[in-house]
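S.K.: fold the following, please.
(one chain, ligands or ions: 1)
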Amino acid sequence: MTSRQIIRTFLLSCSIAAAAFSHPSEATAANPTIRPGEIWKDAAGDTINAHGGGVIFADGKYYWYGEHRASVRPNPQEGVNVYSSPNLTDWTYEGLALKASDQPGHDIERGCIFERPKVIYNKKTGKYVMYFHLELKGKGYGPARYAVAVSDAPTGPFKFLKSGRVNPTLMPTNLAYDKASKRAGEKMEWWTPEWRSEIGNGMFTLRDLPGGQMSRDMTLFVDDNGKAYHIYSSEDNLTLHIAELTDDYLDHTGRYIRIFPGGHNEAPAVMKKDGKYWMIASGCTGWAPNEARLMTADSMLGEWKQLPNPCRGENADKTFLGQSNYILKVPGKKDSYIAMFDKWDPKSLKNSRYLWLPVEWGEDGVPYVEWKAEWSPSEL
Ligand code: DGJ
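M.R.: Numbers count the residues shown, from 1 in each chain. The predicted structure is shown next:
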């Protein structure tokens with residue numbers, strides 16, 4: 001080693017040690033920018049492990065929740081991780097917000113699958129409410145449940161409340177029972193126009209009516225009036241549902257709609273600007289990237305229409321090699337939104353990367369997301 005290399009190594013180890021012990025605000029210089037797709041380290045120098053998650057702002061700090069993932073398969077998940085940050089670039093690990101249970105037979109027994117956790121704050125109850133996609137231990141992706149947990153503090157510990165399918169026995173408000181297809185279970189090939197038409201007519205909605213609707217990829221959205229919605233891939237991932245939550249956010253009210261039946265949408269992420277609702281979603285190709293979709297509506301439970309791919313630039317036809325996940329409305333900055341995508345690494349889910357990019361707005365008022373190799377939230 002040359003003396004120059006020795007000095008550089010010494011300085012680097014000093015800065016790593018300083019970052020490990022510093023207060024988050026002192027660590028501001030550690031990550032001045034966001035570099036989508038690059039390794040993102042926390043204040044302790046560990047790679048951030050918070051996949052498929054979401055970000056909230058509470059009491060002057062950001063909190064990033066995400067799936068804890070391991071680098072081996074099958075993927076032993078410890079639960080839902082949480083990180084805090086003063087500035088969206090420097091993150092301090094706060095531990096497991098929700099821990100897998102050691103109790104055999106528990107819904108979140110270690111070995112279950114935790115996906116796409118989202119947290120929202122309920123102003124009326126003063127509680128932080130977490131929803132996530134849960135698959136029970138040893139059952140693959142069959143159970144297709146939503147799960148709810150609650151906490152008094154953003155960092156947790158979140159207490160697991162329940163899991164299940166959505167709105168058992170209740171029909172969506174945009175599908176009448178007498179008009180719905182009753183042909184589930186009949187022999188019909190899935191690629192035929194007949195099958196597609198029956199899916200459109202709610203064949204799977206009726207199939208799942210007694211036990212409730214399937215809920216896999218999901219997000220939560222809180223409207224300006226405090227009403228919250230659970231948006232999830234249902235009906236074997238063929239159709240998105242939007243279900244209204246009760247005032248305490250702990251239950252579904254029973255009002256829900258189906259959108260884009262048979263459209264195969266996953267990974268929904270929602271934002272609102274000037275009274276209009278926007279959703280970015282993906283197609284269904286497992287962990288592999290596909291082309292993003294953009295949807296819009298004038299009300300959450302209204303008519304949604306689809307628009308072209310909102311991504312632009314390098315790999316825009318494959319969502320920058322990622323998959324949509326969450327859109328953060330940046331507090332205190334007018335019309336600033338950050339779209340968050342996961343760049344999955346199915347061989348080592350822990351190694352999956354984060355693609356955070358600013359949402360931009362065209363002259364026609366339609367949002368788009370342009371690839372940037374590096375940018376700073378302070379520019380927003
Ligand atoms: C795609 C989903 O978006 C992910 O959250 C995960 O469920 C994978 N499928 C599993 O293959």
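S.K.: from here on, just use CA atoms for contacts and neighbour counts.
M.R.: Fine.
S.K.: low-confidence ranges in the stretch 201-350 of the chain?
M.R.: Within the stretch 201-350 of the chain, the set of residues satisfying pLDDT under 70 is empty.
S.K.: which single residue of it approaches the ligand most closely?
M.R.: Minimum separation of the stretch 201-350 of the chain from the ligand (C-alpha to the nearest ligand atom) falls at residue 286, amounting to 3.9 Å.
S.K.: ok, now how distant is that residue from residue 41?
M.R.: 27 Å (C-alpha to C-alpha, to the nearest Å).
S.K.: the two: which has the busier surroundings?
M.R.: Between residue 286 and residue 41, counted using other C-alpha atoms under 10 Å, the more crowded position is residue 41 (17 against 10).
S.K.: residues in the stretch 151-300 of the chain within reach of the ligand, list them.
M.R.: 217, 266-267, 286-287 (C-alpha under 6 Å from any ligand atom).
S.K.: looking at the residues you listed, which are in strands?
M.R.: Counting by DSSP state E, the part of those found in strands is 266-267.
S.K.: filter the residues of the stretch 151-300 of the chain next to the ligand down to the buried ones, PyMOL style.
M.R.: To isolate the buried ones among those in PyMOL, judged by 16 or more other C-alpha atoms under 10 Å, type:
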select buried, resi 217+266+267
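S.K.: which two of the residues of the stretch 151-300 of the chain next to the ligand have the greatest separation?
M.R.: Greatest spatial distance among those (C-alpha to C-alpha): 217 and 287, at 12.2 Å.
S.K.: from the residues of the stretch 151-300 of the chain next to the ligand, pick the one nearest residue 280.
M.R.: Nearest to residue 280 among these: residue 267, at 7.9 Å, using C-alpha to C-alpha.
S.K.: and what about residue 197, helix, strand or coil?
M.R.: Counting by DSSP: H, G, I helix; E, B strand; the rest coil, the backbone at residue 197 sits in helix.
S.K.: any idea how far it lies from residue 184?
M.R.: 12 Å.
S.K.: follow-up on the earlier one: what sits against the residue of the stretch 201-350 of the chain closest to the ligand?
M.R.: Contacts here follow C-alpha atoms under 8 Å, 6 or more residues apart in numbering; on that basis residue 286 touches nothing.
S.K.: and it, how far is that from residue 356?
M.R.: For residue 286, the distance to residue 356 equals 21 Å [C-alpha to C-alpha].
S.K.: ok, now residue 336?
M.R.: Distance of residue 336 to residue 356, given as C-alpha to C-alpha: 13 Å.
S.K.: who has more neighbours, these two?
M.R.: Shown here are residue 336 and residue 356; by other C-alpha under 10 Å, residue 356 has more neighbours (26 against 17).
S.K.: what sits closest to that one if chain neighbours are left out?
M.R.: Of all residues not flanking residue 356 in the chain, residue 340 sits nearest, at 4.5 Å (C-alpha to C-alpha, 6 or more residues apart in numbering).
S.K.: that neighbour bridge partners, please.
M.R.: Residue 340 forms beta bridges with residue 326, residue 356, as assigned by DSSP bridges.
S.K.: mind listing what it touches?
M.R.: Contacts of residue 340 (C-alpha under 8 Å, 6+ apart): 324-328, 354-357.
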